[in-house]
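Novice: coordinates for the following, if possible.
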Amino acid sequence: MNTSRRQKKVASLLHQTLSRLLIEEFQDSASGLVTITRVELNPDLKVARIFVRFTGKIQNESLQILEKKAAFFRKAIASRVNLKYNPKLNFLVDPLPDYEEKLEQLFKKINGDEKKIR
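Specialist: Got it, this is the predicted structure:
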């Protein structure tokens, strides 16, 4: 995906602001740890995809809670960050760490097979 400098800048700003908001307003012992892994914006900066990972509580429950609180987060971002458009927030579970883990396992398997051949 080819992202502009402006998209990267706004994504970074949203990442920082949302991280602080999650710590202040969302995280407690019941919800477990929520980590924002990355933020992607559409070219018009009106829709933000927030990729998150969870530890502790069940992912689906935590994701549903985040989606329900999206309007609150959007309003809080608008009060803290001066943007022309306040993006709509879509929370998604980040599949990338699982994908990386599978690749790592495949590489280990390949390396193990090569050692057996030699």
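Novice: contacts and neighbour counts: CA atoms only from here.
Specialist: Fine.
Novice: and the end-to-end length of stretch 61-77?
Specialist: End-to-end distance for stretch 61-77, by Cα to Cα, to the nearest Å: 23 Å.
Novice: next, the buried residues of it.
Specialist: 62, 63, 66, 67, 70, 73, 77 (16 or more other Cα atoms under 10 Å).
Novice: nearest residue to the third one other than its sequence neighbours?
Specialist: When the adjacent residues along the chain are set aside, residue 66 lies closest to residue 91, with 7.0 Å between them (Cα to Cα, 6 or more residues apart in numbering).
Novice: tell me which stretches of this structure form helices.
Specialist: Remark: helices assigned in the chain by DSSP state H are 5-21, 59-68, 70-80, 96-117.
Novice: counting by contacts, list what the third one packs against.
Specialist: Helix 70-80 is packed against helix 5-21, strand 88-93, with contacts defined by 3 or more Cα pairs under 8 Å, 6 or more residues apart in numbering; DSSP states H and E.
Novice: how close does residue 55 get to residue 9?
Specialist: Going from residue 55 to residue 9 by Cα to Cα gives 28 Å.
Novice: thought residue 63 was touching residue 92, still the case?
Specialist: Yes: counting by Cα atoms under 8 Å, residue 92 does reach residue 63; the two are 7.4 Å apart.
Novice: tell me the centre residue of this structure?
Specialist: For the chain, residue 51 is the residue whose C-alpha lies nearest the centre (Cα atoms, centre = their mean; 2.2 Å).
Novice: returning to that earlier point: I'd like the helices of the chain as a markdown table, with distance to residue 35 and mean pLDDT appended.
Specialist: Compiled in a markdown table, those are given as follows (distance: least, Cα to Cα, whole Å; pLDDT from 0 to 100):
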| stretch | distance to residue 35 | mean pLDDT |
| --- | --- | --- |
| helix 5-21 | 8 | 94 |
| helix 59-68 | 12 | 83 |
| helix 70-80 | 15 | 93 |
| helix 96-117 | 12 | 72 |
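Novice: confidence score at the closest residue to residue 54 other than its chain neighbours?
Specialist: Using Cα to Cα, 6+ apart and skipping residues adjacent in sequence, the residue nearest residue 54 is residue 34, 4.8 Å away. Per-residue pLDDT puts residue 34 at 84.
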